[in-house]
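sequence? don't have it. structure:
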């Protein structure tokens, strides 16, 4: 329950009504607002102001680890509570499924120049690598969330 001490009345002035029940849509309730978030490859910090978060039912995540939480309280006409959450990204998935294949395909593309020109395998190996890159980009597109902001045009 949320209580605001400024929302009171004198019961004798209103037929000794001491309590009232309202629909959820009729009462303003605090909204969670992301005040500050910065993107980092391995660490992320999220600040949420004016709201409450209960971590009782928090389940672990395969991409992130909750490293630390703390709160700050500011009092005045309107009180503010800031909840700070510090997350750390688990980079193993992206390292094994994104970075390592790119490095391996890049090394293989350089090996084309090691093949003897007389063998005739340069063209076949090049086409195979090109098709592998195309399949890899398709798999990569299914791994990464779709967005129209900051799209890579390579």
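Nice, I can see it. Computed from a prediction, not measured in an experiment: that's the story for all the values here. Numbering: from 1, shown residues only.

which of the residues in stretch 74-94 are buried?
Within stretch 74-94, the residues that count as buried by 16 or more other CB atoms under 10 Å are 82, 83, 84, 85, 87, 89. C-beta: built from backbone N, CA, C; applies to glycine.

where along this protein do the helices fall?
Taking DSSP state H to define them, one finds helices in the chain at 92-94, 100-110, 121-143.

so how many other residues sit close to residue 138?
Using other CB atoms under 10 Å, residue 138 has 9 other residues around it.

Next one, pLDDT for it please.
We note a pLDDT of 89 for residue 138 in this prediction.

ok, now how distant is it from residue 97?
Using CB to CB, to the nearest Å, we find residue 138 at a distance of 13 Å from residue 97.

rewinding a little: would you list the buried residues of stretch 74-94 in TSV and tack on pLDDT?
Putting the buried residues of stretch 74-94 into TSV (pLDDT from 0 to 100) gives the following:
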residue	pLDDT
82	77
83	75
84	78
85	78
87	81
89	81
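
Closest to residue 73 out of the residues you listed?
The closest of the buried residues of stretch 74-94 to residue 73 turns out to be residue 82 (CB to CB; 7.8 Å).

wait, the closest one sits on residue 72?
Yes. Counting by CB atoms under 8 Å, residue 82 does reach residue 72; the two are 4.4 Å apart.

Worst mean pLDDT among the helices of the chain?
When I compare these, helix 92-94 is least confident, with a mean of 80.
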